[in-house]
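Novice: Structure of the sequence below:
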Amino acid sequence: MASSSSSSGEFGVNGIHVAAFLGDLPLFKRLADEYQRLGPKIESIRDEDDHTVLHCAAAGGRTQVCEYIVEELKLDIDVKDIDDLTPLHTAILRGHFLTAVYLIENGADLNAATCLQRTPVHYAARLGPEELLKLLIMKGADVNAVADIGTPLVDAAYWGKKGFVRTLLDNNADPNAISYGLTSPLLASIETRSIECVKLLLKAGADPNLSGSKVLIPLVVAARREDKEIIKCLLNAGADPNVTNNSGMTPIEVAASRSFLEGVKIFFPVTSPIPAIPDWSIAGLIKHVCSDKAKEERKQKLEEHILLSKSKGLEAFNRKDYYGAIKWYSEVYLSNNDAKMLSNRSLCWIRLNEGGLALQEAENCIKRRPDWPKAHYRKGAAMMLLKDYKRAMDAFSIGLKLAPKNKELEHALREAMEAKLKEQHLSGK
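Specialist: Sure thing, here's the model as predicted:
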């Protein structure tokens, strides 16, 4: 999808697309009439980024042009581009409130999902305005739709949108929903140090101890972020100060390892004495945490946790529990940033027939390991699932340059080329 600049060039080089984007209705009508007479059909006209004229009009906030396209030309109001964005997604992303309202009032699908499973509510929860979010909800949009980033509440909490968080909670958004990446609305607000959102979520029933991961534990994240007010807030809500993370550290040890003395002082009265620390005092705790012995023990526990998580991920994958496998591979990635886990997650999404999510994982893997052939193979496989055979060929070709004798890549490239030829034959090109 093109970025949100005001350049008309981003939304089409064809005259009709530019006319739609700029809101030149007389010119648009004249060009549309020509297409209607001479062909091709208006709904099949796409620009270089696969946008229809309705996407271009929505991107420009041209409500009158949208009205003409929908009501006179009868173009499908939910037509999707290559990223599965509808015109409603586009209008919200570009900040065109009135255009979004028109599309909503004229039957646009409020729960249409992009290739990353993001709905209009996800974008409204981040970008607003709040009136738009309320309208979507009033019209029946699902406030608990799960996307790559989680639910809309995760989006609003991450960006510290206090009013949006309140609106979603008032309309039955689940404060304890956990995303594929093992985060939750509460964790998102802690990570970005939004104390107001933390308070709202806890008041609405967010579990201060809820975690899908041994890495992303609310009190541990707050200690790592060195936020004493959020720590106090979580403790007052019942967060367990004796919980341990993936390397066996309690929140007080995390605070001590970061020389966060204020945090240590908050935790000390409520934390049970740790048997491994003979001198249970603040000074004794800090001395122990900084010792070579403690560091080595933490390293060993982390390695054990990673090995166990990898094993559980493989077990889940082998029994075709791909969501379960994604969870465990996410746990490993959060623990050590191993790009192989991104490749594994990409494969899981492919098995779940989620090409967009598979592509996102593969591209993130390539960013971390651009010289790894398998990362490019995963991208090509995702592109095949999305039926973008040209880009699949490109990805497999890059992989083959990195591993010229790789038979799997050779076979995959051949399949992509055959698929592209078949597509061209069927389209008459």
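Novice: From here on, just use CA atoms for contacts and neighbour counts.
Specialist: Fine.
Novice: averaged over its residues, what pLDDT does the helix or strand hosting residue 308 have?
Specialist: Take DSSP states H and E as the rule and residue 308 turns out to sit in helix 292-318. The average pLDDT for helix 292-318 rounds to 96.
Novice: and after that helix, which helix or strand comes next?
Specialist: Following helix 292-318 in sequence, per DSSP H and E, is helix 322-336.
Novice: From the contact counts, what lies against that following helix?
Specialist: helix 292-318, helix 339-351 (3 or more Cα pairs under 8 Å, 6 or more residues apart in numbering; DSSP states H and E).
Novice: out of those helices, nearest to residue 417?
Specialist: Among those, the nearest to residue 417 by Cα to Cα is helix 339-351 (19.7 Å).
Novice: Point out the other helices and strands that the closest one packs with.
Specialist: Taking 3+ Cα pairs under 8 Å, 6+ apart as the contact cut, helix 339-351 packs with helix 322-336, helix 355-368, helix 373-385.
Novice: How far away from the center of its chain is that helix?
Specialist: 15 Å (Cα atoms, centre = their mean, to the nearest Å).
Novice: Please identify the deepest-packed of the helices and strands packed on helix 322-336.
Specialist: helix 339-351 (a mean of 24; mean count of other Cα atoms under 10 Å).
Novice: between that helix and helix 373-385, how big is the angle?
Specialist: Helix 339-351 and helix 373-385 are oriented at 20 degrees to each other (axes from the mean of the first three to the mean of the last three Cα atoms, to 10 degrees).
Novice: Alpha carbons of helix 339-351, in CSV - could you do that?
Specialist: Provided in CSV are the C-alpha atoms of helix 339-351 (Å, rounded to 0.1, in the frame of the first residue of the first chain):
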residue,chain,number,x,y,z
ALA,A,339,15.4,-15.1,12.8
LYS,A,340,14.8,-18.9,12.3
MET,A,341,11.7,-18.5,14.4
LEU,A,342,10.3,-15.9,12.0
SER,A,343,10.9,-18.5,9.2
ASN,A,344,9.1,-21.1,11.2
ARG,A,345,6.2,-18.8,11.9
SER,A,346,5.9,-18.0,8.2
LEU,A,347,5.7,-21.7,7.4
CYS,A,348,2.9,-22.1,10.0
TRP,A,349,0.9,-19.2,8.5
ILE,A,350,1.3,-20.9,5.0
ARG,A,351,-0.1,-24.1,6.5
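Novice: ok and it relative to helix 322-336, angle-wise?
Specialist: 160 degrees.
Novice: mean confidence for helix 339-351?
Specialist: Per-residue pLDDT values over helix 339-351 give a mean of 98.
Novice: Compile the helices and strands packed on helix 322-336 into JSON lines and extend it with columns for distance to residue 204.
Specialist: Converted to JSON lines, the helices and strands packed on helix 322-336 look like this (distance: least, Cα to Cα, whole Å):
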{"stretch": "helix 292-318", "distance to residue 204": "32"}
{"stretch": "helix 339-351", "distance to residue 204": "32"}
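Novice: nearest to residue 124, of these?
Specialist: With Cα to Cα as the criterion, residue 124 lies closest to helix 339-351 of those, at 25.8 Å.
Novice: Check what contacts that closest one and list those residues.
Specialist: Contacts to helix 339-351, defined as Cα atoms under 8 Å, 6 or more residues apart in numbering, come from residues 317, 322-323, 325-326, 329-330, 332-333, 355, 357-362, 364-365, 368-369, 374-375, 378, 381-382, 385.
Novice: Out of the helices and strands packed on helix 339-351, which gets nearest to residue 134?
Specialist: helix 355-368 (28.0 Å).
Novice: Pull out the buried positions in that closest one.
Specialist: Going by neighbour count (16 or more other Cα atoms under 10 Å), the buried part of helix 355-368 is 355-366, 368.
Novice: Is the residue nearest to residue 162 when sequence neighbours are not counted in a helix, a strand, or coil?
Specialist: Leaving aside its chain neighbours, residue 162 sits nearest to residue 197 (5.6 Å; criterion: Cα to Cα, 6 or more residues apart in numbering). Reducing the assignment at residue 197 to three states with DSSP: H, G, I helix; E, B strand; the rest coil gives helix.
Novice: Residue 197: how many residues sit nearby?
Specialist: For residue 197, the neighbour count with other Cα atoms under 10 Å is 27.
Novice: Isn't it up against residue 159?
Specialist: No - contact criterion Cα atoms under 8 Å: residue 197 and residue 159 do not qualify, at 9.6 Å.
Novice: Stretch 304-311: how far from the chain's middle?
Specialist: Stretch 304-311 has its C-alpha centroid displaced from the chain centroid by 25 Å (Cα atoms, centre = their mean).
Novice: Which residues outside it are in contact with it?
Specialist: With Cα under 8 Å, 6+ apart as the criterion, stretch 304-311 contacts 246-247, 328-329, 331-332, 335.
Novice: can I get these in JSON lines with neighbour count, distance to residue 41 and pLDDT?
Specialist: What follows is the contacts of stretch 304-311, written out as JSON lines (neighbours: other Cα atoms under 10 Å; distance: Cα to Cα, whole Å; pLDDT from 0 to 100):
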{"residue": "246", "neighbour count": "23", "distance to residue 41": "57", "pLDDT": "93"}
{"residue": "247", "neighbour count": "20", "distance to residue 41": "61", "pLDDT": "92"}
{"residue": "328", "neighbour count": "29", "distance to residue 41": "48", "pLDDT": "96"}
{"residue": "329", "neighbour count": "28", "distance to residue 41": "46", "pLDDT": "97"}
{"residue": "331", "neighbour count": "26", "distance to residue 41": "49", "pLDDT": "95"}
{"residue": "332", "neighbour count": "29", "distance to residue 41": "50", "pLDDT": "96"}
{"residue": "335", "neighbour count": "20", "distance to residue 41": "52", "pLDDT": "92"}
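Novice: Fine by me, we can end here.
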